[in-house]
Every structure is written in C-alpha cells, then in structure tokens.
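Student: The following comprises the amino acid sequence and a computationally predicted model.
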Amino acid sequence: MKQIKLNYLFIALALVTILASCHKDKVNPVIDTPTAQRAGLYVLNQGGFGINNSTLTYYDYTTKLLVPDQFTAANTTKLGDTGNDLGIYGAKMFIVVNNSNLVTIVNAKTAKLIKSITLTQPRSVTFYKSNAFVTSYNGTVSVIDTTSLTITKTITVGSDPEQMVVANGKLYVANSGGLDPTPGTTLSVIDLTTLTETKKITVIADPVSVTTDTYDNVYVLSLGNFFDVPAGMTVIDDKTDLVKSKPTVNLGFNVPIFVLGDFVYYPTADNKIAVYNAKTQTASSANFITDGTVITAPYAISGDPLTGEIFVTDAKDYSSNGTLTAFDKTGKKEYSIVVGISPGKIVLVNK
C-alpha cells in the first residue's frame, strides 16, 4: 500500500485524476564510475491496490541493464498485491507484500524465492541482531529469525503500525491508527534485549515514517488528520525518549524520510525535497534539487553513503510507470530510469 492511508485513498485518487497526466519518459542512465562495492539497486513498485501487479525493478550498475521485474524473471510468478517495503539482511532480501498478506524472502542478488511467511496486512520491515521485525495492521510486530525464517515472537503495539527504526538498543514503531476513525498519536518503544514494549511516546497524529541520525535523534513524520491537525514532524531524544521539538515542515500525502550524514530529506506538499540539518536542528534547504529537475509526485527517498548520491522516485499519476532519479550530493541530476507503478522503496545491493 502507498504511504497514503486507506481511509484517505479515495480523496487522493480524486485529486490525482484531476491533476495528473500520464508520462512515459525515455531515459538513458549514465553512471561515470560506479563504486566497486555496489552491484546495483532494487526498486519495489507497489502497483495498484487490489490489482496484484507489484513488481521489483533491478538496475545493474556495471552493465547498465534494467530488469523491469526481477522477481518474476527469477521465479516465473508474480510478486503479489501491494508490495509495501523491502530490506536486505546479509544474503537475504525481505519483501513485505501488504495486500497479499505475505513477507517474501528471496536471495538478495538473484531475487530467487527462499520462503514466504503469512502475516496479516504486513507493512514495514527492519533488522537487528539476526532478527527481522515486521509491523502488521493487526497491531503487532512479528519477530522473525533471519536464519530459520520462523516467527519467534509477536509483540503487541498500537493501532495500524507503520514504519520502524532501531536506535540506542530500542525499536521505535509508528502507530498510525490510519484505518481508525481517529488516527493514532503514539510511537511504541520496544526494548530489543527483552523484546517487550516499555512505553508509548505521544507524537503528532497519524505517524507513518520514522528514521534516526547519529546525534541521538529519532524523527517521526505524521500525516495529521486532514482536518484540524496538520501533518508534521516530531523529534525525539533516543536517550530519554522525550520529545525535543516539533519543527515546522510542509508535508503532503506522501511522507518518506531519509537521513544521510548530517541531513534529513523529506518531500514537501509542493513536491520539493526539503533538507533539515540534523546537527544544528534547523531547516537547511527548501529544495535539495538545484538544477530544475521536476519531480511530479515524490514517493520514495534513499541514498548511498559511499557516494553521497540521493535517489528520489516519482510516482507520477500512480497508474503508469514511475521513475527513479539519482542526484549527486549538490542536488544535480545524474541519471533517471523508468521503474514500475508507484515506486515505494529503494535498496542498494552489494556485489
């Protein structure tokens, strides 16, 4: 599922129908000198909810070849309905397929199927010390042993949990309440030694995206309630679990967030990529993109610590193929590739 909540989906689709137009860009990606460590990157394309058309695009840094759906190519079967998240842990890649109720584990280099685990509306995945943690819309976090690929524990958190982040020996879980009449307003804190919830932190309504920096800060982006509570950011001290601030931000329907070095990147309501300085805790730039490149509907943000590159996907009209654009550290476009419908997650894969 998109980062747009289900109960707001029809509002968003109506706006898209009015405003969006179909784009089929032909691009010629060029990378000057790919790092020796990286083999390429994957993009998980969510597809349309209920249409069973999620795909996994692979772009090879060395050959410059683009595989539109590496999962189908490797397994001769479809990935499923609404691929929502993926992450690589060692030699395995975990793909969360929300509306198919599956966590699909594949070989990280080939995308060959290893095993699928059934979960109720899984949403997001992260890792810590040989465990994969997966949120589900039944209000739980499942703990999966990354060797045996079995569920070893289920932790009850808040309503409709979304993304998670590991910081200071704790797992922070965004309890969105996105399917409820009243959105959630908490972040669950799970002790990663005992695997138990120790507290809930109050944040802005409908928290969705969570990340952390090297200065002991946890960042939470929330959608608000679309009426009298605006979308916003909450910054939490991961040593004390106290809210430090709620910086003024300009957010839209899609709220991916990514930290690289001292900077936090997130999309604005007017489809720019804003930058927040993690070290000084101040706004850094209203738009990271400096060369005039236009992103119609920013949908995922990631980056490469080795090169300083920032990657941004564009969902365009949410029904035709999107794009991934790579920018250098100064915000200038390096290349763009065509990916699938609603490209919602990017991961790098090493050689």
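Tutor: That came through fine. Owing to the predicted nature of the structure, the values given are computational and were not obtained by experimental measurement.
Student: since we're on Leu192, how many residues are nearby?
Tutor: If you count neighbours by other CB atoms under 10 Å, Leu192 ends up with 17. C-betas here are computed from N, CA, C, even on glycine.
Student: Equivalent analysis for the one 4 residues further on, please.
Tutor: Neighbouring residues of Thr196 were enumerated by other CB under 10 Å; the total is 12.
Student: Count the neighbours of Thr152 for me.
Tutor: Neighbours around Thr152, by other CB under 10 Å: 11.
Student: any idea how far it lies from Lys129?
Tutor: Distance of Thr152 to Lys129, computed by CB to CB, to the nearest Å: 12 Å.
Student: same check, this time on Asp228
Tutor: Counting by CB to CB, the gap from Asp228 to Lys129 is 42 Å.
Student: same question, Thr293
Tutor: Distance from Thr293 to Lys129, by CB to CB: 39 Å.
Student: What are the buried residues along the helix or strand containing Lys153?
Tutor: For Lys153, the host element (DSSP states H and E) is strand 151-156. Residues of strand 151-156 classed as buried: Ile151, Ile155 (neighbour count, 16 or more other CB atoms under 10 Å).
Student: Mind listing residues that contact that strand?
Tutor: 117, 131, 139-145, 190, 195-197 (CB atoms under 8 Å, 6 or more residues apart in numbering).
Student: Name the next helix or strand downstream of that strand, please.
Tutor: strand 161-167.
Student: what angle sits between the following helix or strand past that following strand and strand 151-156?
Tutor: Downstream of strand 161-167, the next assigned helix or strand under DSSP H and E is strand 170-175. On the basis of axes from the mean of the first three to the mean of the last three CA atoms, to 10 degrees, strand 170-175 is oriented at 60 degrees to strand 151-156.
Student: and the angle for strand 170-175 with strand 161-167?
Tutor: Interaxial angle, strand 170-175 versus strand 161-167 (the same axes, to 10 degrees): 160 degrees.
Student: Just the C-alpha atoms of stretch 243-254, please, in CSV.
Tutor: Output of stretch 243-254 as CSV, limited to C-alpha atoms (Å, rounded to 0.1, in the frame of the first residue of the first chain):
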residue,chain,number,x,y,z
VAL,A,243,10.0,14.9,22.6
LYS,A,244,12.7,17.6,21.8
SER,A,245,10.8,19.6,19.2
LYS,A,246,8.2,19.7,16.5
PRO,A,247,9.8,21.7,13.7
THR,A,248,7.7,23.5,11.2
VAL,A,249,7.5,21.4,8.0
ASN,A,250,5.4,21.5,4.8
LEU,A,251,4.2,18.0,4.1
GLY,A,252,1.8,16.4,1.6
PHE,A,253,0.1,13.0,1.3
ASN,A,254,3.4,11.1,0.8
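Student: Flag every buried residue along it.
Tutor: So stretch 243-254, judged by 16+ other CB under 10 Å, has buried residues Val243, Val249, Leu251, Gly252, Phe253, Asn254.
Student: hmm, back to that, now tabulate the contacts of strand 151-156 in TSV and tack on secondary structure, distance to Met93 and pLDDT.
Tutor: Compiled in TSV, the contacts of strand 151-156 are given as follows (DSSP: H, G, I helix; E, B strand; the rest coil; distance: CB to CB, whole Å; pLDDT from 0 to 100):
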residue	secondary structure	distance to Met93	pLDDT
Ile117	strand	14	98
Asn131	strand	16	98
Gly139	coil	26	98
Thr140	strand	22	98
Val141	strand	20	98
Ser142	strand	17	98
Val143	strand	18	98
Ile144	strand	13	98
Asp145	strand	16	98
Ile190	strand	23	98
Leu195	coil	23	98
Thr196	strand	28	98
Glu197	strand	28	98
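Student: so can I have CSV of these showing distance to Val220?
Tutor: What follows is those, written out as CSV (distance: CB to CB, whole Å):
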residue, distance to Val220
Ile117, 27
Asn131, 22
Gly139, 18
Thr140, 20
Val141, 16
Ser142, 21
Val143, 22
Ile144, 24
Asp145, 28
Ile190, 15
Leu195, 22
Thr196, 21
Glu197, 17
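Student: what about Thr76, how many neighbours?
Tutor: Neighbours around Thr76, by other CB under 10 Å: 7.
Student: What's the separation between it and Lys92?
Tutor: 20 Å.
Student: helix or strand right after the worst-scoring helix or strand of the chain on mean pLDDT?
Tutor: Between all helices and strands in the chain, the lowest mean by mean pLDDT, DSSP states H and E belongs to helix 9-19, at a mean of 35. The helix or strand immediately downstream of helix 9-19 is strand 38-45, counting by DSSP H and E.
Student: residues in contact with stretch 262-271?
Tutor: 209, 211, 213, 219, 221, 233, 249-252, 254-259, 273-279, 284, 286-288, 294-298, 301, 303, 310.
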